[in-house]
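> Sequence and predicted structure are below.
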Amino acid sequence: MTTHYPSHSLPTAEEVAIARDSGRALSAFLQTRAETQQIEIFDDKGGAHPVRVPVSALRLLIDALTEIGEGNAVSIIPIHAELTTQDAADVLNVSRPFLVQLLERGEIPFHRIGSHRRVRYQDVIAYKERIDAERSKTLDALAEQAQALKMGYE
């Protein structure tokens, strides 16, 4: 499978509109207990070609269309993918040197291929979820403290 890393290009207004309409149309057909659905793809000459697609893949497609329909760029990275330090830094939206510090401190597991570090995507996401949870907990504590001190945050 080809891994597509973030391209940082936002969809055009036309792509946003098409994605929004397509996502809604496909959503209507997921109200099924079937494990697969059949869709048709049309070639340049208008010929229809039926394609069986797992419902799980259609759900993923709808999620991607929903994001594009909101004007967001979308990338697909397999859970088991290995990332370069730059790719991992891009996922976390941090600098590569900062990511390398995290790796060297043992906060995210990695291994080396020659002199290059590689990080598993699932480890990067696990770290992101962990720090997001810590941040949320800290923000909740600050909000509670502000309310207790009657700082105008009722």
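It's in.
> contacts and neighbour counts: CA atoms only from here.
Will do.
> How far away from the center of its chain is the longest helix belonging to the chain?
For the chain, the helix with the greatest residue count under DSSP state H is helix 121-148. Offset of helix 121-148 from its chain centre (CA atoms, centre = their mean, to the nearest Å): 19 Å.
> Okay, buried residues for that helix please.
For helix 121-148, burial by neighbour count (16 or more other CA atoms under 10 Å) applies to Y121, Q122, D123, V124, I125, Y127.
> Can you give me the pLDDT of the fourth one?
Right, V124. The score at V124 is 95. That number is its pLDDT.
> I'd say it and D90 touch.
No. If you go by CA atoms under 8 Å, V124 and D90 don't touch, sitting 10.5 Å apart.
> Tell me the helix or strand right after the helix or strand harbouring L99.
Assigned by DSSP states H and E, L99 belongs to helix 96-104. Where DSSP H and E defines the elements, the next helix or strand beyond helix 96-104 is strand 111-113.
> ok, and what's touching that next one?
R117, R118, V119 (CA atoms under 8 Å, 6 or more residues apart in numbering).
> list the buried ones in it?
In strand 111-113, counting by 16+ other CA under 10 Å, buried: nothing.
> ok, now stretch 98-109?
Buried residues in stretch 98-109 (16+ other CA under 10 Å): L99, V100, L103, I108.
> Relative to A13, which of those residues is nearest.
Among these, L99 lies closest to A13 (CA to CA), at 34.1 Å.
> measure the closest residue to the closest one other than its chain neighbours to L60 for me?
Among residues not flanking L99 along the chain, A89 sits closest, at 5.8 Å (CA to CA, 6 or more residues apart in numbering). Distance, A89 to L60, using CA to CA, to the nearest Å: 24 Å.
> who has more neighbours, these two?
Using other CA atoms under 10 Å as the criterion, A89 and L60 rank with A89 on top: 18 against 12.
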